[in-house]
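Q: can you look at this prediction? I've put the sequence above it.
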Amino acid sequence: PSLPPFPGYDIQYFLGTLTPVLTSLHGLAFYYIYGLTLAFLQPCAFTSAQDRPTQITTRMPVDVLRFLKDEVAPTL
């Protein structure tokens, strides 16, 4: 099967919908690894409601998992 036209949209949308929830719970600074993951996805941008990406990342979900495994997990 071929890749969708914007392979990073799904992971960016998922993380974007979590952002307001996590911000209201403890503030994003509390979620260090989440912050690292969002930084890894840059450039990306959302609508004001954080529900739809307006600038879609070029990173795919597998890239995020590889980043977590190779960069974040060894530091834990």
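A: Alright, I've got the coordinates. Numbering: from 1, shown residues only.

Q: what does stretch 39-48 contact?
A: Residues from elsewhere that reach stretch 39-48 (C-beta atoms under 8 Å, 6 or more residues apart in numbering): 8, 11-12, 15-16, 19, 52-57, 59, 63-64, 67. (Each C-beta comes from the backbone N, C-alpha and C, glycine too.)

Q: can you do 10 Å?
A: In this structure, residues lying in contact with stretch 39-48 by C-beta atoms under 10 Å, 6 or more residues apart in numbering are 8-9, 11-13, 15-17, 19-20, 38, 52-59, 63-64, 66-68, 71-72.

Q: okay, and which of those residues map to helices?
A: 9, 11-13, 15-17, 19-20, 38, 63-64, 66-67 (DSSP state H).

Q: just the buried residues out of the residues you listed, in PyMOL syntax.
A: Burial among the ones in helices among the contacts of stretch 39-48 is assessed by 16 or more other C-beta atoms under 10 Å; the matching PyMOL selection reads:
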select buried, resi 9+11+12+13+15+16+38+63+64+67
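
Q: ok, the ones in helices among the contacts of stretch 39-48 vs Leu28, which is closest?
A: Nearest to Leu28 out of these is Thr19 (C-beta to C-beta; 7.0 Å).

Q: buried residues in stretch 18-38, which are they?
A: Within stretch 18-38, the residues scored as buried using 16+ other C-beta under 10 Å are 31, 37-38.

Q: in CSV: the residues you listed, plus distance to Leu76.
A: Below are those laid out as CSV (distance: C-beta to C-beta, whole Å):
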residue, distance to Leu76
Tyr31, 14
Thr37, 14
Leu38, 18
